[in-house]
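*Asks:* Below is the sequence, then the predicted model.
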Amino acid sequence: MKTLFKFIIGVPVIGAFLVGIIFFIIGVYDTFLGIRALLSGQLHTDANPDLMLFESIDYFLVGFLFLILSIGFLQLFFPRPSKIVTAVQTITPEWLKVENFTQLKLILWDTVLTTLVIMFFAEAYKNQGEYEWKLMLLPITILIITFSKYLMKATKK
């Protein structure tokens, strides 16, 4: 039964970790393409290397989101005397040591908020002054998540 539980928890942990690594690879690739286009003088062309660099930051942040989710699930659900959990605990920074779902949720909300802010600036840059009402959905979402996080911290105290 213990092996089955480890397998059931291990699949999403490994899956989220692999997805995070894939997003990092895409981010590195986009960064490389953006820098190459920037150095070749394609700044104000259709290549948009500055936009590629903005989007690469999005990929990195989404990769971080999945890595944080993977590490958090590993810390929450794997048995404590496990070698894997001990190894992860030793290399994990202090702010990422998760004791309960509330801590994991707050860390993930911070990551999502940062990702949404970068995504909003990238979308605003793409539109180049021609804004539609759909663009306002991102700041509204950022405001709602920030307010929810504030209420959650206020009720916690």
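*Replies:* Cool, the structure landed.
*Asks:* Please enumerate the helices of the chain.
*Replies:* 2-39, 49-77, 83-91, 101-127, 137-156 (DSSP state H).
*Asks:* Would you reformat the ones you listed as TSV and include mean pLDDT and mean neighbour count?
*Replies:* (Glycine included, C-beta is placed from N, CA and C.) Below are the helices of the chain laid out as TSV (pLDDT from 0 to 100; neighbours: other C-beta atoms under 10 Å):
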stretch	mean pLDDT	mean neighbour count
helix 2-39	89	15
helix 49-77	89	19
helix 83-91	82	12
helix 101-127	86	16
helix 137-156	86	12
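*Asks:* Contacts for stretch 82-99, please.
*Replies:* Under the contact criterion C-beta atoms under 8 Å, 6 or more residues apart in numbering, stretch 82-99 has outside partners I68, I71, G72, L74, Q75, L76, F78, P79, L104, I107.
*Asks:* Kindly report the same for stretch 36-52.
*Replies:* Contacts for stretch 36-52 (C-beta under 8 Å, 6+ apart): D30, T31, L33, G34, I35, L53, A122, Y125, K126.
*Asks:* Find the nearest non-adjacent residue to the third one, please.
*Replies:* Think L33. M52 (5.7 Å; C-beta to C-beta, 6 or more residues apart in numbering).
*Asks:* and the gap between the one you found and F66?
*Replies:* Separation of M52 from F66 (C-beta to C-beta, to the nearest Å) stands at 21 Å.
*Asks:* Equivalent analysis for G129, please.
*Replies:* Look at G129 and F66: by C-beta to C-beta, they are 34 Å apart.
*Asks:* so how far is I144 from the most centrally placed residue in the chain?
*Replies:* Taking C-alpha atoms, centre = their mean, the centroid of the chain lies closest to L65, which sits 2.7 Å from it. Using C-beta to C-beta, L65 is found at 18 Å from I144.
*Asks:* which residues touch L76?
*Replies:* V98, N100, F101, L104 are the contacts of L76 under C-beta under 8 Å, 6+ apart.
*Asks:* do the same with V112
*Replies:* Counted by C-beta under 8 Å, 6+ apart, V112 has contacts L65, I145.
*Asks:* ditto for F23
*Replies:* The contact partners of F23, taken as C-beta under 8 Å, 6+ apart, are Y59, F60, V62, G63, F66.
*Asks:* between the residues you listed, which is closest to K2?
*Replies:* The shortest approach to K2 among these belongs to F66, at 26.3 Å (C-beta to C-beta).
*Asks:* pretty sure that closest one contacts I14?
*Replies:* No. The criterion here is C-beta atoms under 8 Å, and F66 misses it with I14 at 11.2 Å.
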